[in-house]
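Colleague: fold the following, please.
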Amino acid sequence: RDSRTLSRKEGSDGKSYIFMVRTKMPGGKLTSDQLLAELDLADEVGNTTLRCTTRQGLQLHGVVKHNLKRTIRRINDIQLSTLGACGDVNRNVMCCPAPYRTPAYGEMQQLADQIASHLAPRTPAYHNLWLTDVSTGQRELLHGPAEEVEPLYGAVYMPRKFKIAIGLPNDNCVDMYTNDLALMAIVKNEHVVGYNVLVGGGLGVTPAAKKTFPALAKRMAFVTPEQALDVVTAVVKVQRDHGNREDRKIARLKYVIANWGIEKFKQVVEEYYGRALPDPTEDRSEEHTSELQSHSFI
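Modeller: Alright, predicted model coming up:
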């Protein structure tokens with residue numbers, strides 16, 4: 001709006017296109033140098049603000065169209081990425097970040113990285129658009145080799161966005177029950193022995209559409225650390241194949257579970273996974289609390 005009058009005088013259509021650019025950071029991890037680089041970008045190409053999101057990401061606002069490619073390239077240059085931060089794919093994988101030097105928190109963060117990498121889109125389109133060196137035509141790949149056909153998402157991707165979080169019974173800093181899929185870590189002797197799988201959370205509603213509703217995730221199964229990635233993939237595939245593609249207002253996983261019931265949903269997940277899954281343990285997280293005072297951060 002601020003530049004509309006001037007651009008019209010210069011003979012353009014009077015529109016100045018701006019974008020929000022979101023950085024995806026599994027587990028909310030970034031170095032001080034990466035944060036400083038994002039702050040520099042906010043001053044150079046944004047509206048001087050850098051927003052920390054509730055899903056452990058960063059957002060630049062006010063990026064004009066001709067700065068978009070340079071911005072995304074700079075973010076990738078500091079070993080961060082915007083790939084999968086928006087759109088009908090798995091979004092940023094959240095994970096409780098601290099105390100990060102304890103064994104269990106490290107194991108959770110490692111799983112968050114594995115899930116994020118495994119579920120990242122593999123099409124070369126992102127790299128062709130944003131990371132191609134114009135002079136050489138070479139692409140920089142940060143997520144492994146690009147594939148022409150998405151091995152997980154196929155040609156149609158997900159019916160809607162998909163959100164994953166990893167937390168603990170005593171540390172629900174990621175709001176596990178509001179995610180499409182959450183893994184509640186069960187810890188014994190400072191190590192993760194498995195995860196309770198929670199499915200079907202989401203708080204979004206369309207006020208004018210009574211068919212929409214908020215939902216808290218339901219407890220589905222218990223998995224070992226070795227099973228976690230494959231079971232997560234099975235849940236994503238069930239939503240990919242059975243989520244509503246006719247109406248985006250009711251396309252999230254919570255509506256599949258509301259229609260089927262948790263028992264049928266678990267049965268179908270087991271079919272995709274290839275074996276039966278035990279019921280979750282009795283561990284629950286009833287509060288949004290974090291018992292960090294008993295741990296050392298040094």
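Colleague: now do stretch 5-20: distance to the chain's middle.
Modeller: 34 Å (CA atoms, centre = their mean, to the nearest Å).
Colleague: please tell me how far residue 5 sits from residue 61.
Modeller: Between residue 5 and residue 61 the distance is 22 Å, computed by CB to CB, to the nearest Å. Bear in mind the C-beta positions are built from the backbone N, C-alpha and C, glycine included.
Colleague: what's the answer for residue 41, then?
Modeller: From residue 41 across to residue 61, the span is 11 Å (CB to CB).
Colleague: ok, residue 195 next?
Modeller: Relative to residue 61, residue 195 is positioned 35 Å away (CB to CB).
Colleague: would you mind telling me which of residue 41 and residue 61 has more residues around it?
Modeller: Neighbour count, other CB atoms under 10 Å: between residue 41 and residue 61, residue 41 has more, with 22 against 16.
Colleague: buried residues, the strand or helix carrying that one. List them.
Modeller: Using DSSP states H and E, residue 41 sits in helix 32-44. Judged by neighbour count (16 or more other CB atoms under 10 Å), helix 32-44 contains these buried residues: 34, 37, 38, 39, 41, 42.
Colleague: and of those, the nearest to residue 93?
Modeller: Distance from residue 93 was checked for each of the buried residues of helix 32-44 by CB to CB. The minimum falls on residue 34, at 17.4 Å.
Colleague: tally up the residues packed near the residue lying closest to the closest one once chain neighbours are set aside, please.
Modeller: Closest residue to residue 34 apart from its sequence neighbours, by CB to CB, 6 or more residues apart in numbering: residue 78 at 5.0 Å. If you count neighbours by other CB under 10 Å, residue 78 ends up with 18.
Colleague: next one: the one 4 residues further on
Modeller: Here the number of neighbours of residue 82 (other CB under 10 Å) works out to 19.
Colleague: pretty sure it contacts residue 21?
Modeller: Yes: Residue 82 is in contact with residue 21 according to CB atoms under 8 Å; the separation is 6.1 Å.
Colleague: what's the overlap in contacts for these two?
Modeller: Residues touching both residue 82 and residue 21 by CB atoms under 8 Å, 6 or more residues apart in numbering: 72, 75.
Colleague: buried set for the host helix or strand of residue 21?
Modeller: Secondary structure from DSSP H and E places residue 21 in strand 18-23. By neighbour count with 16+ other CB under 10 Å, strand 18-23 contains the buried residues 18, 19, 21, 22, 23.
Colleague: same thing with stretch 270-287?
Modeller: Those would be 270, 272, 273, 277, 280, 283, 285, for stretch 270-287 by 16+ other CB under 10 Å.
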